[in-house]
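Participant: got a predicted structure plus its sequence, pasted below:
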Amino acid sequence: CLQLIEEERVTTGFMVPAHFIRILEERWQDHDLSSVRLIVHAAASCPEAVKWKMFDVFGPGVLWEYYGAVEGSFSIISPGEWQVRPGSVGRPLPGVRTMILDEQGSPVAPGEVGTIYSTGLPGWTFDYFKDPEKTAGSWHDGFFTAGDLGRMDEDGYLYIVDRRTDLII
């Protein structure tokens, strides 16, 4: 990856935290990474210590993070916002609403952990292939959950805490 960025003068890429960990295991300082303008990352929670080190690798303003699933995208956070709110995956995308619910389906207070539900982008919906029960169990009053647990702060920034359901990647 580092060699390709240098040789091909890559400007934009998508990565997951496992990529970051591998880059940090290499002598990234020996490569010219100055062409990189944007790295978007998602797919798993990024350990805060790893992300802080990645700011050294690619410089300021490059690392954007979003929260989503195969089922849709829900939030985004800029590098500057993340440095003020380490660990956050941002605020909902325009047109998306997100809420945190307890096990009874009631909203929790800011800072409390519960299941993350989002509306997705306007007009967005889906069904799980040949699994109407899973589809029905994932929706609550027009909001969908991928099974993640999280919390929101008073300003609407979302933090992923864990998964409620098992997932094989």
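Facilitator: Structure received.

Participant: okay, buried residues for stretch 146-161 please.
Facilitator: Using 16 or more other C-beta atoms under 10 Å as the test for burial, stretch 146-161 gives 146, 148, 149, 150, 151, 152, 157, 158, 159, 160. Every C-beta, even on glycine, is put in place using the N, C-alpha and C of the backbone.

Participant: next step: those residues restricted to strands.
Facilitator: Among the buried residues of stretch 146-161, DSSP state E puts 148, 149, 150, 151, 152, 158, 159, 160 in strands.

Participant: ramachandran coordinates for residue 58?
Facilitator: With angles defined as degrees, to the nearest 10, residue 58 sits at phi -100, psi -10.

Participant: next, the most centrally placed residue in the chain: secondary structure please.
Facilitator: For the chain, residue 67 is the residue whose C-alpha lies nearest the centre (C-alpha atoms, centre = their mean; 2.7 Å). At residue 67, secondary structure determined by DSSP: H, G, I helix; E, B strand; the rest coil is strand.

Participant: just the helices in this structure please.
Facilitator: Secondary structure of the chain, counting by DSSP state H: helices at 2-8, 17-25, 48-58, 79-84, 132-138.

Participant: closest to residue 107 out of those?
Facilitator: Closest to residue 107 of those, according to C-beta to C-beta: helix 132-138, at 17.7 Å.

Participant: list the contacts of residue 1.
Facilitator: 19, 22, 23 (C-beta atoms under 8 Å, 6 or more residues apart in numbering).

Participant: give me the nearest residue to the residue nearest to the centre of the chain, chain neighbours excluded.
Facilitator: Excluding its sequence neighbours, the residue lying closest to residue 67 (C-beta to C-beta, 6 or more residues apart in numbering) is residue 89, at 3.8 Å.
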